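1. coords please:
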Amino acid sequence: MNLRRDLPAILLLVALVLPQLAAAQGFSAYVLPPRFEDSAAAGQTYRNVIEIQNTSPQAVRFGVRTADWDLDESGEIGFDEALAPDSCRPWVGLEALEIKLEGNGRKRFRFEVAVPEGTPARQCRFAIMIEGDPQETTQGMSVSGRIGVVVYLDIGDVSARLRVLESRIEVAGDRQLPALLVANEGTAHGRLQGFVDGRDAQGRRWTFAPASHPILPGRERIIVLSPIGEPEGSEVPPVGFPVVISGSFDWRNERIPVDMTVGQ
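-> Just a heads-up that it's a prediction; the model follows:
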């Protein structure tokens, strides 16, 4: 597979949703999967495919580039066309830097990561950015829509090591919900997965699921726990604090125990 090595591009307007659908001034695309979480060995070339669909009846052209990315303190993702220190983007090859799709057409777009021999254990993180042609707004500004497909590629023996540091109450929408401050003391990203049990101050039993946010190695992040099993449209009582949380979450082969009182 003869793939193009990527060049930097300016980031204008980013949309990142699940599944990923972006529309801005005539740009419309549907992209799957929203992210890759996989592994490779030093000296190996990792290959995979993104499916891109034009959701507009008109023919469109998309530019494709890579970008480095990071999370800020609030957990918002930011993309950067400049090479970050120790970036693995030079290893990345793209099938093309431009895609043309007919109305409602789709394409399987190939990319690869050629991991150099002798690469020490690390996590390679980058994004593949799919951008529509710039369009003029009614204010005379030139904007374009862009979707970022995030790639996590574990090289060698790396793993997350998640630990719950403390609990707190967070406001999510119009509700107060329990939340956990989670540290990642490992060498790769991780997420809390699974369910834990809760009993609130009124004696009500709850089952909580964590927000599926990534926790990068060496970072801490607040993860909100949301009740599950609530009938759609039903009137749900507020969680009465303090609430006792017990059980454990999972991430791959790791179990993260939780046994604490939130809002005490």
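
2. Counting neighbours, what do you get for residue 205?
-> Burial measure for residue 205: 8 neighbouring residues, criterion other C-beta atoms under 10 Å. Where C-beta positions appear, they are placed from N, C-alpha and C, glycine not excepted.

3. Report the separation between it and residue 96.
-> Between residue 205 and residue 96 the distance, using C-beta to C-beta, to the nearest Å, works out to 54 Å.

4. and if you look at residue 148?
-> With distances defined as C-beta to C-beta, the gap from residue 148 to residue 96 amounts to 18 Å.

5. So the two - more neighbours on which side?
-> When neighbours are counted by other C-beta under 10 Å, residue 148 and residue 96 differ, and residue 148 comes out ahead with 25 against 14.

6. Go through stretch 113-120 and flag the buried ones.
-> By neighbour count on 16 or more other C-beta atoms under 10 Å, the buried set for stretch 113-120 is 113, 114, 115, 119.

7. Now intersect these with the strands, please.
-> Among the buried residues of stretch 113-120, the subset assigned to strands under DSSP state E consists of 113, 114.

8. May I see the buried residues of stretch 113-120 arranged in TSV, with distance to residue 185 as well?
-> Formatted as TSV, the entries for those read as follows, by distance: C-beta to C-beta, whole Å:
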residue	distance to residue 185
113	26
114	30
115	25
119	22
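
9. just the buried residues of stretch 113-120 now: which is nearest residue 53?
-> If you rank the buried residues of stretch 113-120 by distance to residue 53 using C-beta to C-beta, residue 113 comes first, at 23.7 Å.

10. In contact with the residue lying closest to that closest one once chain neighbours are set aside, which residues?
-> Leaving out its chain neighbours, the residue that sits closest to residue 113 by C-beta to C-beta, 6 or more residues apart in numbering is residue 46, at 4.5 Å. By C-beta atoms under 8 Å, 6 or more residues apart in numbering, the residues touching residue 46 are 38, 40, 112, 113, 115, 153.

11. Any figure for the gap between residue 122 and residue 116?
-> Between residue 122 and residue 116 the computed distance is 11 Å (C-beta to C-beta).

12. ok, and the helix or strand in the protein with the lowest average confidence?
-> Using mean pLDDT, DSSP states H and E, strand 13-15 stands out as the lowest-scoring helix or strand of the chain, at a mean of 36.

13. Phi, psi for residue 91 please.
-> Main-chain dihedrals, residue 91, degrees, to the nearest 10: phi -80, psi -10.

14. Equivalent analysis for residue 209, please.
-> Note on residue 209: backbone dihedrals following degrees, to the nearest 10 are phi -120, psi 140.
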